[in-house]
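# pasting the sequence and the predicted model now:
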Amino acid sequence: MTLEDLGWNTEFEKEFAPFYEQGWKPARLIRDNKITYGALLGDGEELEVTMSGKVYHDAETDAELPAVGDWVALELGGEDGETMIRARLSRQTCLSRKMSGRSTEEQVIAANVGAVVVVTDAGPDYSLRRMERYFAIIGKSRAKAVVLVNKADLFPDEKNREAADAIRALSPDADVHITSTQKGTSLKALRQYLKRGVSMTLVGSSGVGKSSVMNHLLGEEYQWTDEVNETTGKGRHSTTARELIILPGGGILIDNPGIREIHMWTDETTLRERFADIEELAAQCKFHDCKHGTDKGCAIRAAMAEGKLSTARFEGFLKLEEEIEKLRLNRKKRQMTADRHIRRQQQKKARKYAERRDSEHDHEPRRGRD
């Protein structure tokens, strides 16, 4: 095994140059153990490593902390004999979502991946609105979008084709494949992306067959999967943590736990790119500030009436737009709160300094006249 097998390239090499001078070693993080990380060196040696205090304190948000897929600089046998992460290299791609709940923080799903594979099916899991969300965050990540309409053996061919065609219409630049692990077609579809040093990650809801796809990629029963439920057609997904795996036939895989909700972590520009058809229609409205409600000459309303634009797609766009705007405002509010806190701390320090200076001045002995 070499660094190149793990995804190392000339850009990482150039960025790492100053760290070689300090005797540090490049490694890729393959597992997050909450307190420690699993890291893989270029010779294939796996180490348990700890994040240094500087790396922790230099990160302004949790998303800037090391994550599975990141390249890091290691000091072997550093403090107290522990191997320490001394620096994290810049991410060339990064798949993220907003953390669940009311948080406005970014959650990194996978770093430095070339392809993001969304696993779904034509049955209970099928949802174009969910796919729009996946395409939005994949677009932001700069990785290649790949979709598996999986478990094709459980549904009629026509239903599988209709689902695949509808997903292609949402994102023409995505690769969409109809697959079945029972027939071995999932492995055949993914082989073209499994090249030396290329990383991919699997995402999708629990029960759509991600673990079975992994089993076929690894050539062994790496993930335990339960029997398929006869009602839902789903198996139980056993992945509980993110992990980077070097595939025996070449390529790298980052597995993820089943994602129940795709909270948006993207920007308005990426959203507009994913919904270019709606943007083009909006530009044709009679009034530039058209609200697409009762305004006269609304091209979007006309397109929906003529069946050229589905109402569900437009409503999905509005919902995502509202969600992104809300996230932007919440982040701005949070930043303003943080700035106020910093200013207060600076003012307190300034007052303490002034008080100490005045106190020292008062205690200085007065000089008499000669």
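Good, I have the coordinates. All values derive from a computational prediction rather than experimental measurement.
# ramachandran angles for the closest residue to Cys94 other than its chain neighbours?
Counting by CB to CB, 6 or more residues apart in numbering, Ala111 is the residue found nearest to Cys94 once chain neighbours are left out, at 5.3 Å. Every C-beta, even on glycine, is put in place using the N, C-alpha and C of the backbone. Per-residue torsions, Ala111: phi -110, psi 140 (degrees, to the nearest 10).
# ok, now the one 4 residues further on?
The phi and psi values for Ala115, taken as degrees, to the nearest 10, are phi -140, psi 140.
# which residues touch it?
Counting by CB atoms under 8 Å, 6 or more residues apart in numbering, Ala115 makes contact with 143-146, 193, 198-201.
# out of those, which one sits closest to Ile35?
Of all those, Ile35 sits closest to Thr201, with 23.4 Å by CB to CB.
# just the pLDDT for that closest one.
On the pLDDT scale, Thr201 is placed at 89.
# pretty sure it contacts Val118?
No: under the criterion of CB atoms under 8 Å, Thr201 makes no contact with Val118, lying 9.8 Å away.
# helix or strand for the closest residue to Ala39 other than its chain neighbours, which one?
Closest residue to Ala39 in three dimensions, ignoring its sequence neighbours and counting by CB to CB, 6+ apart: Ala27, at 4.1 Å. Element membership for Ala27, per DSSP states H and E: strand 25-32.
# could you list the low-pLDDT ranges of this protein?
Along the chain, the parts satisfying pLDDT under 70 run over 78-80, 98-105, 220-241, 256-274, 320-342, 357-358, 360-370.
# quick check: Arg142 vs Met200, distance?
Separation of Arg142 from Met200 (CB to CB, to the nearest Å): 14 Å.
# ok, the two, which is more surrounded?
Shown here are Arg142 and Met200; by other CB atoms under 10 Å, Met200 has more neighbours (23 against 14).
# and the more buried one, what does it touch?
By CB under 8 Å, 6+ apart, Met200 lies in contact with 113-117, 146, 190, 193-194, 251-254.
# out of these, which sit inside helices?
Using DSSP state H, Leu190 are the members of the contacts of Met200 that sit in helices.
# nearest to Glu279 among the contacts of Met200?
Minimum distance to Glu279 across the contacts of Met200 is 23.6 Å, recorded for Val116 (CB to CB).
# wait, doesn't the closest one sit right on Ala145?
Yes: the pair Val116 and Ala145 qualifies as a contact (CB under 8 Å) at a distance of 6.0 Å.
# intersection of neighbour lists for these two?
Common contacts of Val116 and Ala145 (CB under 8 Å, 6+ apart): 134, 138.
# sticking with Val213, tell me its helix or strand.
Per DSSP H and E: Val213 is located in helix 210-218.
# what sits up against whichever helix or strand comes after that helix?
Beyond helix 210-218 on the C-terminal side, the first helix or strand identified by DSSP H and E is strand 243-246. Strand 243-246 has contacts (CB under 8 Å, 6+ apart) with 1, 5-6, 28-31, 40, 68-69, 199, 218, 222, 252-255.
# restrict strand 243-246 to CA atoms and write it as CSV.
Output of strand 243-246 as CSV, limited to C-alpha atoms (Å, rounded to 0.1, in the frame of the first residue of the first chain):
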residue,chain,number,x,y,z
GLU,A,243,-15.6,4.4,8.5
LEU,A,244,-13.2,4.6,5.6
ILE,A,245,-12.5,1.2,4.0
ILE,A,246,-9.8,0.3,1.4
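# how about the strands in the stretch 1-150 of the chain?
Taking DSSP state E, counting those that start in this stretch as the test, the strands found in the stretch 1-150 of the chain are 25-32, 37-40, 46-51, 71-75, 84-88, 94-98, 106-111, 115-121, 144-150.
# picking up where we left off before, how far away from the center of its chain is the helix holding Val213?
21 Å (CA atoms, centre = their mean, to the nearest Å).
# helices and strands around that helix, which ones?
When contacts are defined as 3 or more CB pairs under 8 Å, 6 or more residues apart in numbering; DSSP states H and E, helix 210-218 sits against helix 185-190, strand 199-203, strand 252-255.
# could I get those in CSV, plus columns for distance to Glu75?
As requested, the helices and strands packed on helix 210-218 are exported to CSV (distance: least, CB to CB, whole Å):
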stretch, distance to Glu75
helix 185-190, 37
strand 199-203, 25
strand 252-255, 25
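# quick one: closest of these to Val55.
Proximity to Val55 (CB to CB) singles out strand 252-255 among these, at 20.9 Å.
# listing partners with orientation, what would you give for that closest one?
If you go by DSSP bridges, strand 252-255 pairs up with strand 199-203 (parallel), strand 243-246 (antiparallel).
# for Phe287, see how far away the residue nearest to Ala39 is.
For Ala27, the distance to Phe287 equals 57 Å [CB to CB].
# compare these two (neighbour count), which wins?
Ala27 (26 against 10).
# before we move on, back to that, make CSV out of the contacts of Met200 and add distance to Arg343.
Compiled in CSV, the contacts of Met200 are given as follows (distance: CB to CB, whole Å):
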residue, distance to Arg343
Val113, 39
Gly114, 43
Ala115, 45
Val116, 40
Val117, 46
Val146, 47
Leu190, 52
Tyr193, 49
Leu194, 52
Gly251, 50
Ile252, 45
Leu253, 47
Ile254, 41
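# give me the PyMOL select line for the contacts of Met200, limited to the buried ones.
To isolate the buried ones among the contacts of Met200 in PyMOL, judged by 16 or more other CB atoms under 10 Å, type:
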select buried, resi 113+114+115+116+117+146+190+193+194+251+252+253+254
